[in-house]
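K.L.:
Mind folding the following:
(4 chains)
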Protein chains: 2
Amino acid sequence: MRSKPATIKEIAQLLNISVSTVSRALHDHPSIGLTTRQKVKKLAGELNYEPNQTAIFLQQGRTLTIGVILPELSESFFSSAISAIEDSAYKRNYTVLLAQSHDDEQKEKQLVEKMKNHRVDGLLVSVSKNTSSYQHFENLKQYNIPIVFFDRIPAMQNIHYVACNMEIGTIEAVSYLLKKGHRSIGMINGPGTLFASGERKEGYIKAMIKNRLKFDPSLIVTCDLTEAGTQQALNELLASKRKPTAVVTFNDYVALFAIKHATDLKLRINQDLEFVSYANLPLINYMESIPSASVEQFPYLQGQKAADILLDLLAQKHQGVAEQTAYYKIIIESQLIENRGAADIKGK
Amino acid sequence: MRSKPATIKEIAQLLNISVSTVSRALHDHPSIGLTTRQKVKKLAGELNYEPNQTAIFLQQGRTLTIGVILPELSESFFSSAISAIEDSAYKRNYTVLLAQSHDDEQKEKQLVEKMKNHRVDGLLVSVSKNTSSYQHFENLKQYNIPIVFFDRIPAMQNIHYVACNMEIGTIEAVSYLLKKGHRSIGMINGPGTLFASGERKEGYIKAMIKNRLKFDPSLIVTCDLTEAGTQQALNELLASKRKPTAVVTFNDYVALFAIKHATDLKLRINQDLEFVSYANLPLINYMESIPSASVEQFPYLQGQKAADILLDLLAQKHQGVAEQTAYYKIIIESQLIENRGAADIKGK
DNA sequence: TAATTATGCGCAAACGTTTGTCCGTTTTTA
DNA sequence: TAAAAACGGACAAACGTTTGCGCATAATTA
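P.N.:
Numbering: from 1, shown residues only, chains lettered A, B, ... in the order given. So this is what the prediction gives:
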């Protein structure tokens, strides 16, 4: 019952050979004779020897570890992403060092420090909502630690990122509703300060233009994403002159608040008032009274792409490829997905 | 634009002092004079010096890292747990190395190996469904790496674990339905092979005894947790002689399948047929047509407890406390939570 | 058979830290 | 004022690996 893991040194001592020989034997180096090699491997097996990654790092200058900093691990969107990241990392023999910022800029900074301490080879980041300065990310460049951002991208120059463009999905969403016969379509958007709100609004407008319809600004209302705010926003829409028969909501949370409120108002979901949303929540598939369609943002795919890019960068770096001057900027197009199972008027 | 992070050595060279002095200065060791200390800290700041954790590990024999191996990161239950774990670890200056087994025994074994390579100080594990041999965990004991299991506990002796007991919650669930006036309560349970199924059945029976009622075995049917299986199970219950007016389902997925099916059968949810389930899914709060109550399993709490236990063990170990012979076995009692917002007959 | 090439292995440095020990000055104490 | 204590700092070993280099001995070549 040893208390410490076996080392290469001990093996060397026990076999009366040098540590370098042991090391080489374990790596099948050609300059080591067959018999020695076998002896070493046998003993290593018996001692349950495992190479000490930490020591290897010191030698090689890399940890085979990538850091991941996300706002909220329990959010379904991010947990899908982290799952993808872990899968990608595993395939390429990397390990994931995980941390969450809770949308706190100060904590995010500390986490970046910690990742530097641990000498992660690279970093995957979805930026905190409240981060205003990006100096902590800039610093990493001097450390030669590549970062790939995803989903929440900071306003920085010369960065790698993977993001999802909501515009296309929004155009699809609005067009979908138009095709179903709706002539007045409302939108409960997020705060104007959010980049994401802009994309949705743009998409809405472009869809109208594309379908040669007039854009009525009063049909887009903003809300603060709370339940109360959502109720108010829906009330506003329903009170408007061109009372909408369909609503596009900023995200699934807003959608569910709105659906609840609409139900309270005795409106039949997707009949009197049809809903389309953006997918944040899983298992929408399991229930009725859900939006009839959702704009999918592919969190798993985003995480996967981001991880693959980072791992590619690391592989290049390790092979001594010259500092890249080009930056990956991957845009995943959002896509409208009809929610089969939703109550539906099957309009055509 | 340095390509490598600054080291203590460089600082020493630049200042024409020894590395030990630099190290001590940075740690505010009393034997270093004020002026030298200040010079060192100043230069360290300018060079953006960050201690190399990896090197420190080699010295100190610990990585300040805990490994976490879970079946599925994207499962809401586990992502809540991992969020709690990260929070606890962060508070005590630890970092989380994360991996998922996808319920694959082989992969789980490899992950344990990898964690050993990285020399994590301790391990948090929720065991894969398909794991049959626990040798890879046993081996860790020889490495003196403490493990704390949670939620899914292996059948091993002498382990630390945190689990949630479903029995109490089930008793509460059945009693709750009885109090609401139901006289025939069905249960759609999981496969008999699952430990979790046993607990639920026990709870059901104890609730009947407690309320001095006769237990009718035909009211408990098992299913394979698929949608088709659930439908069949529900049909079975509804066809039974004592057609139940309420059903306890194995988990939220089963509940949602059953609710969908019941709706198709024109049954009014929680009126003609009342549902109680076990909480796996979030945002149940956002929708109607959900079980009127859920047995909560507190994933965040489980993760938190497990992490705290592990970190306590590590702290003890670091302070040289003798090998503990006692094992933490924490049982969290499940608890029935009424789902406000669910359609309800408000029976009394 | 002598010169050359392989073969098989050991030596030692290096990666970045921490820490026990030792040593030369300065300051205090008697 | 001489001896003792306190101060400030340097030396070197250690943590576990990898790897360039050198050096015997054995095998090949001419």
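K.L.:
For stretch A:176-185, buried residues please.
P.N.:
Counting neighbours by 16 or more other C-beta atoms under 10 Å in any protein chain shown, one finds that the buried residues in stretch A:176-185 are A:Y176, A:L177, A:L178, A:K180, A:H182, A:S184, A:I185. C-beta: built from backbone N, CA, C; applies to glycine.
K.L.:
Mind telling me which residue of the stretch 151-300 of chain A is nearest DNA strand D?
P.N.:
A:H160 (27.9 Å; C-beta to the nearest atom of the strand).
K.L.:
tell me the mean pLDDT for stretch A:46-57?
P.N.:
The average pLDDT for stretch A:46-57 rounds to 95.
K.L.:
Kindly check the end-to-end length of that stretch for me.
P.N.:
Using C-alpha to C-alpha, to the nearest Å, one end of stretch A:46-57 lies 25 Å from the other.
K.L.:
what's the offset of that stretch from the middle of its chain?
P.N.:
33 Å (C-alpha atoms, centre = their mean, to the nearest Å).
K.L.:
Can I get the lengthiest helix in chain A in CSV, CA atoms only?
P.N.:
Determined from DSSP state H, the single longest helix within chain A is helix A:299-318. Taking Å, rounded to 0.1, in the frame of the first residue of the first chain, the C-alpha atoms of helix A:299-318 are listed here in CSV:
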residue,chain,number,x,y,z
PRO,A,299,-24.8,25.2,-28.8
TYR,A,300,-23.2,21.8,-29.2
LEU,A,301,-22.0,22.7,-32.6
GLN,A,302,-20.7,26.0,-31.5
GLY,A,303,-18.8,24.4,-28.7
GLN,A,304,-17.5,21.8,-31.0
LYS,A,305,-16.2,24.2,-33.6
ALA,A,306,-14.6,26.4,-31.0
ALA,A,307,-12.8,23.5,-29.4
ASP,A,308,-11.7,22.2,-32.8
ILE,A,309,-10.3,25.5,-33.8
LEU,A,310,-8.4,25.9,-30.5
LEU,A,311,-7.0,22.4,-30.8
ASP,A,312,-5.9,23.0,-34.4
LEU,A,313,-4.1,26.2,-33.3
LEU,A,314,-2.4,24.3,-30.5
ALA,A,315,-1.4,21.5,-32.9
GLN,A,316,0.1,24.0,-35.3
LYS,A,317,1.9,25.8,-32.5
HIS,A,318,3.3,22.6,-31.3
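K.L.:
just checking, what packs against it?
P.N.:
In terms of contacts (3 or more C-beta pairs under 8 Å, 6 or more residues apart in numbering or on different chains; DSSP states H and E), helix A:299-318 is packed against strand A:65-70, helix A:76-91, strand A:122-125, strand A:147-150, strand A:160-165, strand A:329-333.
K.L.:
With distance to chain B and mean pLDDT added, can I get those in JSON lines?
P.N.:
Compiled in JSON lines, the helices and strands packed on helix A:299-318 are given as follows (distance: least, C-beta to the nearest C-beta, whole Å; pLDDT from 0 to 100):
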{"stretch": "strand A:65-70", "distance to chain B": "7", "mean pLDDT": "98"}
{"stretch": "helix A:76-91", "distance to chain B": "4", "mean pLDDT": "97"}
{"stretch": "strand A:122-125", "distance to chain B": "12", "mean pLDDT": "98"}
{"stretch": "strand A:147-150", "distance to chain B": "15", "mean pLDDT": "97"}
{"stretch": "strand A:160-165", "distance to chain B": "17", "mean pLDDT": "96"}
{"stretch": "strand A:329-333", "distance to chain B": "18", "mean pLDDT": "96"}
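K.L.:
For DNA strand C, which of these is the nearest?
P.N.:
strand A:65-70 (15.8 Å).
K.L.:
Tell me the gap between the closest one and the middle of its chain.
P.N.:
Worked out by C-alpha atoms, centre = their mean, strand A:65-70 lies 11 Å from the chain centre.
K.L.:
what about the closest residue to DNA strand D within the stretch 201-348 of chain A, neighbour count?
P.N.:
Residue of the stretch 201-348 of chain A nearest DNA strand D, by C-beta to the nearest atom of the strand: A:H318 (11.3 Å). By the criterion of other C-beta atoms under 10 Å in any protein chain shown, A:H318 has 12 neighbours.
K.L.:
isn't it right next to A:L64, touching?
P.N.:
No - at 10.0 Å, A:H318 does not count as touching A:L64 under the criterion of C-beta atoms under 8 Å.
K.L.:
just to revisit the earlier point, report the distance from the longest helix of chain A to the chain centre.
P.N.:
Distance, centroid of helix A:299-318 to centroid of chain: 12 Å (C-alpha atoms, centre = their mean).
K.L.:
quick one, that helix and strand A:160-165 angle?
P.N.:
160 degrees (axes from the mean of the first three to the mean of the last three C-alpha atoms, to 10 degrees).
K.L.:
so the residue of the stretch 151-300 of chain A closest to DNA strand D touches A:F150, yeah?
P.N.:
No - counting by C-beta under 8 Å, A:H160 stays clear of A:F150, with 9.3 Å between them.
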